[in-house]
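> generate a structure from the sequence data that follows.
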Amino acid sequence: MPKIPNSLPLDSRRCDPRLPEAALAFRRTHNPPLISLDRLRAINITAWLYRDTDGMEHIQVNPNTPIGQLREVPQRDDEPGVEIGIHSEGKAAEWFRVRPRLQVLAIFSERIPCPMMCAPLLRHYYPGVPWYYYYDRRSWQQGGRLLRTAAQVLQSAYGL
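Got it, this is the predicted structure:
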């Protein structure tokens, strides 16, 4: 059972446990599985809870496409630009854009949505929808040094 993620805004209701469970299930069932430290580092999974036109709730899961996969050159967590690529939040937002009759209820992303692209996109198109996440790089830095990587935090959150 995954740990309970952080929320934005801070006073949001507790994250629906189906969201991190869906993200972990995606990681485990992907071929190849996305649970190694390298895959935890490179791939961010987002799971969005939504309601369809019949009032039924579903979850849409999307991984990012890391820059290393796009350009076939791997990057490390401590290198600038590791978060560049096709973001999972952007992929999910596009999925919902072409399905305007669906109502997004909650957004889980393993990493906090990036402040340059994803956070503004979510604030604009999904106002009032709470976000949930496990890793915020800014909270794991001290004196310019990274104390824990996303892979380490996700490994702990998922009990891997």
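> can you pull the contacts of Ile35?
Contact analysis of Ile35 by C-beta atoms under 8 Å, 6 or more residues apart in numbering lists 27-28, 158, 160. The C-beta positions use only the backbone N, C-alpha and C, and glycine is treated the same way.
> got a list of contacts for stretch 118-137?
Residues from elsewhere that reach stretch 118-137, judged by C-beta under 8 Å, 6+ apart: 3, 5-9, 12-13, 15, 19-20, 87, 89-90, 93, 97, 104-113, 146, 150, 153-154, 157.
> skipping adjacent residues, who's closest to Lys91 in space?
Among residues not flanking Lys91 along the chain, Asn62 sits closest, at 4.4 Å (C-beta to C-beta, 6 or more residues apart in numbering).
> would you confirm that that neighbour contacts Glu94?
No: counting by C-beta atoms under 8 Å, Asn62 does not reach Glu94; the two are 9.0 Å apart.
> who's more crowded, the two?
Higher neighbour count among Asn62 and Glu94: Asn62, with 23 against 12, using other C-beta atoms under 10 Å.
> now the phi/psi pair for the residue positioned nearest the centre of the chain, please.
Nearest to the mean C-alpha position of the chain, counting by C-alpha atoms, centre = their mean, stands Ser109 at 2.1 Å. Per-residue torsions, Ser109: phi -140, psi 130 (degrees, to the nearest 10).
> can you pull the contacts of the spatially closest residue to it that is not a sequence neighbour?
Excluding its sequence neighbours, the residue lying closest to Ser109 (C-beta to C-beta, 6+ apart) is Thr46, at 4.3 Å. By C-beta under 8 Å, 6+ apart, the residues touching Thr46 are 23, 61-64, 88-89, 91-92, 107-110.
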